[in-house]
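Q: sharing a model that was predicted from the sequence below.
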Amino acid sequence: MSVTLPDAIAPPALKSCPPAAQPAQPVPPSPQATTDAIETIWCDADHLIRQMQYLKTDQAQNYRLLLDITAIDERQRTHRPHPNCADFTLLYHVLRPTDGKQLRVKIPLTQDALIAPTLCAVFPNANWYEREIWDMFGIRFAGHDNLRRILMPESWQGHPLRKDHYSRATERGPFVMQAATEQAEQYALRDSPALAGMIDDADDDPETMIINLGPNHPSLHGVLRLVVKLRGEEIIDVVPEIGFHHRGAEKIGERQSWHSFIPYTDRIDYVAGVMNNFPYVMGVEQLAGITVPARAQMIRIMLAEIFRIISHLVFFGTMVQDVGQLSPVFYVFTDRERALELIEMICGFRMHPSFFRIGGVAADLPQGWDGKVREFLAYLPKRLDEYQSMVMRNRIFKARTIGIGEYSAAEALDWGVTGPGLRATGIAFDYRKIHPYSGYDQLAFDIPIAQRGDCYNRVQLRLDEMRESLRIISQCLEQMPPGPVKSNHPLAMPMPREAVLHDIDTLIPHFLNATWGAVIPPGEVSTTIEATKGLNTYHLVSDGTTQPYRVRIRTPSFAHLQIIPAISRGAYLADLIAIIGSIDFVMADVDR
Amino acid sequence: MNAILLSLIQAVAVLLGITLLAAGLTFAERRLLGFWQDRLGPNRVGWQGTLQIVADMIKIFFKQDWTPPFADKIIFTAAPIIVLTTVVLAFAVIPLGPFAGIMPNLNIGLLFFLGMTSLSVYGVILAGWSSNSKFALLGGMRAAAQTISYEVFMGLAVVGVVMLTGSFNLETIVAAQTRLWFVIPQFFGFLPFLIAGIAEAHRLPFDLPEGENELGAGFHTEYSSMKFGMFFIGEYASIVLISSITVVLYFGGWHGPLLPPAVWFALKIGAFIAFFILLRAALPRPRYDQLMSYGWKLMLPLTIANLAITGALMLAGIE
């Protein structure tokens, strides 16, 4: 399947870097073989900007979406992937929205020269990714206009994702909070550097004021801080501050066995449960070369779609409450309860089931599951019709959302917006269609799209997507294949119990996997899924040990938050609440 | 002497009754919202949760009464008093039944009501200003703008009724509706009046001064304990007030067949209160500028047109 992009996509106005007339490929790329067969090329820092500009603007390349930028500390690596590999590697991950093809560009950096040029002029969404890399790895970006820490507090010593940074509190001395430190930290919050860009000494307009929304505010969906500059109620500027929910999931990944990291993934986007397990286990399976049985694949799809409905319902209720309608949130939580009962029946757990396993799922479906699922399928459409008439056709709701927080398809791609937020601008980009995984190609469903890219469209699309998810679930129900739910591969974890009890050749790998953890062959893999909010990518690096060498989690919410300032300027304070409601983010998904 | 004592007792009874009714409304609202929102609402304290009000009262009285150090203390304390007092005082002119009420016979009764509701906005503005907090200030500003613009056509809307009866005396107005309720000839006066009334009471969809989704709690963000309680009771008292005045002006007051007048009055008020609560359960909140343009561009012209037509018809001798 291919996606057509609207003609209107012109290269964005660049701040400092004039677009090259004919961006030519600067140097012959040096390819690297990877486990997942995603094209990976090595380049050097001097040619990075031209290389990326070529990839973005050349008609044949057309990699318009910067999916992710991250880094890898290669200093303790035993299996070097490429001769160019040095102390640190910068990894740029781009995606072509027309056919979903991905490409990685890698830049080697040595310890004594940790600097690279900033990519903000080519891809605006590089801004936060580069700040994150500076924060986590201490790599500088020349020309970046706001290179501050983003997830850790400004006072943090060291760069957490470096291999020489401790990962557990027990590896450093006891933590003592002195009164002086506490005071200094509080003053640091008051004089937040976020204000630096907003308060201009020359601008002493008495009509403007700075107002601090969050990190503790009823409508911000978690611990997000928005520093807003207002004139009356009109927004002049917004600066989002994140990092309050940072738990170091990527660092934790480096200390867990491949198997025991699964529950941590559940907590990344906590309203979407197993949806987070999905890309992680798919990645490990690719590294280990495990083929998942058809029944397990279908169970995974079914659970993921139930969680898509759960997540969209929560989004819908809270978004509508954000514009002041108090009742729908109670109705959708009733519906969500029904869906969670399904999840509980199948997984034994509700919000964080951690049900997927490397090589399959934890258990087979319980007896009588189909009846319950069928009941749910019959129940929800009527409720969705009700929401359609109660909310989407309400005049006040329309007045509050139509034309608010608009962005074009070109802007969406520039800011790395994916998922319903991108489809609301008219681009039918759905990773389940364009690059089907786990058997989505056997199921019939449509991609709802809208044209205007405003708050109303984003809400409407999610309602429509729930109906498509119901279609998918009903097909899973009809087509559920028989067979095992767990692969027999020696690296699959845990091994099927019947086999373990009868067969020494299964017992031995099971014993090894359960005590030390499975040794996953060295390699590198990126797996992307269409999560509830957009593209969720796990980039896994294995160095041939029982633990991941690097776990990179690219979440949609992180990318989507970056667009808030661009679409909020000039709107009213109340619009800002509608905008952030319609973006659908979860702070745990942003900060990880 | 006896007459003075009697009227004093009557006044205390009415005011106490109103305050208790307002407190009781907090419970009624929660149960009704619960009913409309597919949930239970408070049902644990006492039979079906009826003692919930008592529990809430005890809780709110024993909360720490905190005045922020950055607030203007005198005004900060005065603001909730102004709100509650003005609302309760306005009840003085409401005829609750034939010969019932504190001073229903006041010859400027309607003007007194309008004056009191206008005064109550001072409480809200001063609360927002004296809190010295940005969220409260924004709430106070919204309250000022909203109340001023909605009061303009609230005052104009009732002029239709005044023209028909030729009196500001609320008892006379009720008496004039024995044959026909004014809601029929004055329908386009009733609509703006009701809408302005909702705005006066700061109820959804006109609760922008509170605007909890963007402003936390708006003008009373910094208030706690019984100072907050006074705003809270004041809001519910003004729901009762607006409902009663609507009934008096447009729905024939206590008039009705068969049942005693007090029951009719209570039933009519109850219907309006339920309507107010249903609005809260059903509608989203418009944006501040949308609210203002709705008031100035739609409601005000409608009211003026209604006045002009009423006047023309009266001149032509058609009642």
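A: That came in fine, so what should we check first?
Q: am I right that residue B:198 is in a strand?
A: No. Residue B:198 is assigned helix when assessed by DSSP: H, G, I helix; E, B strand; the rest coil, not a strand.
Q: wait, it sits on residue B:206?
A: Yes. Counting by CB atoms under 8 Å, residue B:206 is a contact partner of residue B:198 at 5.2 Å. Just so you know, the C-beta spots here come from the backbone N, C-alpha and C atoms, and that holds for glycine as well.
Q: please say which of these two ends up with more neighbours.
A: Applying other CB atoms under 10 Å in any protein chain shown to residue B:198 and residue B:206 shows that residue B:206 carries more neighbours, namely 24 against 21.
Q: list the residues that contact the closest residue to the more buried one other than its chain neighbours.
A: Distance criterion CB to CB, 6 or more residues apart in numbering or on different chains; nearest residue to residue B:206, sequence neighbours excluded, is residue B:199 at 4.0 Å. Residue B:199 makes contact with B:146, B:147, B:150, B:206, B:291, B:295, according to CB atoms under 8 Å, 6 or more residues apart in numbering or on different chains.
Q: now the phi/psi pair for the fourth one, please.
A: With angles defined as degrees, to the nearest 10, residue B:206 sits at phi -110, psi 40.
Q: contacts only, for it.
A: B:146, B:150, B:195, B:198, B:199, B:291.
Q: nearest to chain A among these?
A: Closest to chain A out of the contacts of residue B:206 is residue B:291 (9.9 Å), distances taken as CB to the nearest CB.
Q: how about the contacts made by the closest one?
A: B:146, B:199, B:206, B:208.
Q: report the buried residues of the helix or strand that contains it.
A: Using DSSP states H and E, residue B:291 sits within helix B:288-293. The neighbour-count check on helix B:288-293 (16 or more other CB atoms under 10 Å in any protein chain shown) flags B:288, B:290, B:291, B:292 as buried.
Q: following element in sequence after it, please.
A: Downstream of helix B:288-293, the first helix or strand assigned by DSSP H and E is helix B:300-315.
Q: what residues of that following helix count as buried?
A: B:300, B:302, B:303, B:306, B:307, B:310.
Q: mind putting the residues you listed into CSV with pLDDT and distance to residue A:366?
A: Putting the buried residues of helix B:300-315 into CSV (pLDDT from 0 to 100; distance: CB to CB, whole Å) gives the following:
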residue, pLDDT, distance to residue A:366
B:300, 88, 64
B:302, 88, 62
B:303, 89, 64
B:306, 87, 66
B:307, 87, 70
B:310, 86, 71
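Q: closest one of these to chain A?
A: residue B:302 (17.1 Å).
Q: before we move on, the earlier item: could the buried residues of helix B:300-315 be laid out in JSON lines, adding distance to residue B:119?
A: Converted to JSON lines, the buried residues of helix B:300-315 look like this (distance: CB to CB, whole Å):
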{"residue": "B:300", "distance to residue B:119": "22"}
{"residue": "B:302", "distance to residue B:119": "26"}
{"residue": "B:303", "distance to residue B:119": "22"}
{"residue": "B:306", "distance to residue B:119": "26"}
{"residue": "B:307", "distance to residue B:119": "25"}
{"residue": "B:310", "distance to residue B:119": "28"}
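Q: within range of chain B, give me the residues from the stretch 151-300 of chain A.
A: Within the stretch 151-300 of chain A, the residues that sit near chain B (CB under 8 Å from any CB of the partner chain) are A:209, A:211, A:213, A:217, A:218, A:219, A:233.
Q: could I get those residues as TSV with secondary structure, neighbour count and pLDDT?
A: What follows is those, written out as TSV (DSSP: H, G, I helix; E, B strand; the rest coil; neighbours: other CB atoms under 10 Å in any protein chain shown; pLDDT from 0 to 100):
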residue	secondary structure	neighbour count	pLDDT
A:209	strand	15	80
A:211	strand	18	82
A:213	strand	24	82
A:217	coil	20	75
A:218	coil	16	70
A:219	coil	22	72
A:233	coil	18	80
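Q: tell me which two in these are the farthest apart.
A: A:209 and A:218 (20.3 Å; CB to CB).
Q: closest point of the stretch 401-550 of chain A to chain B, which residue?
A: Closest to chain B within the stretch 401-550 of chain A is residue A:404: 8.9 Å, counting by CB to the nearest CB.
Q: got a list of what that residue touches?
A: If you count contacts by CB under 8 Å, 6+ apart, residue A:404 has them with A:454, A:455, A:456, A:571, A:575, A:578, A:579.
Q: cool, residue A:426 as well?
A: A:6, A:409, A:449, A:450, A:451, A:453.
Q: can you say which helix or strand has residue A:239 in it?
A: Under the criterion of DSSP H and E, residue A:239 resides in strand A:234-241.
Q: mind giving me the packing neighbours of that strand?
A: Applying 3 or more CB pairs under 8 Å, 6 or more residues apart in numbering or on different chains; DSSP states H and E, we find strand A:234-241 packed against helix A:193-196, strand A:225-231, helix A:564-568, helix A:573-583.
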